[in-house]
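Chemist: Provided below for reference: sequence and predicted model.
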Amino acid sequence: MAQQVVATEELLDYIREVSLRDEPLLAELRRETAELPAGEAMQVMAEEGQLLALLVRLTGARSILEIGTFTGYSTLCMAQSLPPGGELVTCDITDRWPAIGAGYWERAGVADRIELRIGDAVETLGKLAAERGPDSFDFVFIDADKANYRRYYEDSLALLRPGGLLVVDNTLFFGRVADPDRQDPDTVGVRELNAALHADERVEISLLAMADGITLVRKRP
């Protein structure tokens, strides 16, 4: 039986060569983000952005909720995949970093599809629930502070329609989740969410060993 391949640098370079279709505007935003403190570690890698865009198209999503904007790279990838009339609500604790992405959203012609909400994510999710009610989004992407992952998951799952797709980033968290000696709040938060997802009969899941771990979660009808 075939087993998981070892992702050497040579193999990763080959994968990028034969699968990544990069756009100059996206590459420019990645380069600018990489110059920020911890920017390279925090930003979504190009292959993951391409996967998110594909998943949005595959699911036919018209409404997207993103928890964690940073410089808006994933926001841009997903917004470009929305059909006419589609919308993306993206949430961040500060407008400092999303302000970088806003210019790129404008240049890509998708700024009118994006609504940026600034503030504590739990409070923002509560407001969205009050404004829109349950089952109001087709697609959710979670990539924010890891200590609160479980709360973000529960609140956003209620906002996701049955049959909709929820994507969680960093579910391997630099490999720390497999190290029992790592008990910092972020690692524990990711580890607890992974265990909860495995036991959650409301959803179907698949954890992809890609980037820093990407878990696909389909809400059962």
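Modeler: Sure thing, it's come through. Numbers count the residues shown, from 1 in each chain.

Chemist: Secondary structure class of the residue nearest to the spatial centre of the chain, three-state.
Modeler: The chain has Phe141 as the residue nearest its centroid, 3.7 Å off, counting by C-alpha atoms, centre = their mean. When classified by DSSP: H, G, I helix; E, B strand; the rest coil, Phe141 comes out as strand.

Chemist: That one and Asp212: what is the separation?
Modeler: 14 Å (C-beta to C-beta, to the nearest Å). Using the backbone N, CA and C atoms, a C-beta is placed for each residue, glycine as well.

Chemist: Common neighbours of the two, please.
Modeler: Contact with both Phe141 and Asp212 is made by residues Asp169, according to C-beta atoms under 8 Å, 6 or more residues apart in numbering.

Chemist: Spit out the contact partners of the residue nearest to the centre of the chain.
Modeler: Leu52, Ile64, Leu65, Glu66, Ile67, Gly68, Ser74, Met78, Leu166, Val167, Asp169.

Chemist: Bridged to it, which residues?
Modeler: Glu66, Val167 (DSSP bridges).

Chemist: Read off the pLDDT value for it.
Modeler: According to the prediction, Phe141 has pLDDT 98.

Chemist: And Ala7, by the same measure?
Modeler: So Ala7 comes in at 83 (pLDDT).

Chemist: One more: Met1?
Modeler: 60.

Chemist: how distant is the helix or strand of the chain with the lowest mean pLDDT from the center of its chain?
Modeler: Least confident element among the helices and strands of the chain, by mean pLDDT, DSSP states H and E: helix 39-42 (a mean of 86). Distance of helix 39-42 from the chain centroid (C-alpha atoms, centre = their mean, to the nearest Å) equals 14 Å.

Chemist: So for it, what gets flagged as buried?
Modeler: Gly39, Met42 (16 or more other C-beta atoms under 10 Å).

Chemist: With stretch 21-37 instead?
Modeler: In stretch 21-37, counting by 16+ other C-beta under 10 Å, buried: Leu26, Leu29, Arg30, Glu32, Thr33.

Chemist: Name the residues that touch the least confident helix or strand of the chain?
Modeler: Contacts of helix 39-42 (C-beta under 8 Å, 6+ apart): Thr33, Ala34, Phe70, Thr71.

Chemist: right, and the helix or strand after it?
Modeler: helix 46-59 (DSSP states H and E).

Chemist: what's the distance between that following helix and the middle of its chain?
Modeler: Relative to its chain's centre, helix 46-59 lies at 10 Å (C-alpha atoms, centre = their mean).

Chemist: All the helices of the chain, residue numbers only.
Modeler: 9-19, 24-34, 39-42, 46-59, 73-79, 98-108, 121-132, 149-159, 185-199 (DSSP state H).

Chemist: how long is stretch 114-125 end to end?
Modeler: 16 Å (C-alpha to C-alpha, to the nearest Å).

Chemist: Go through it and flag the buried ones.
Modeler: Ile114, Leu116, Arg117, Ala121, Thr124, Leu125.
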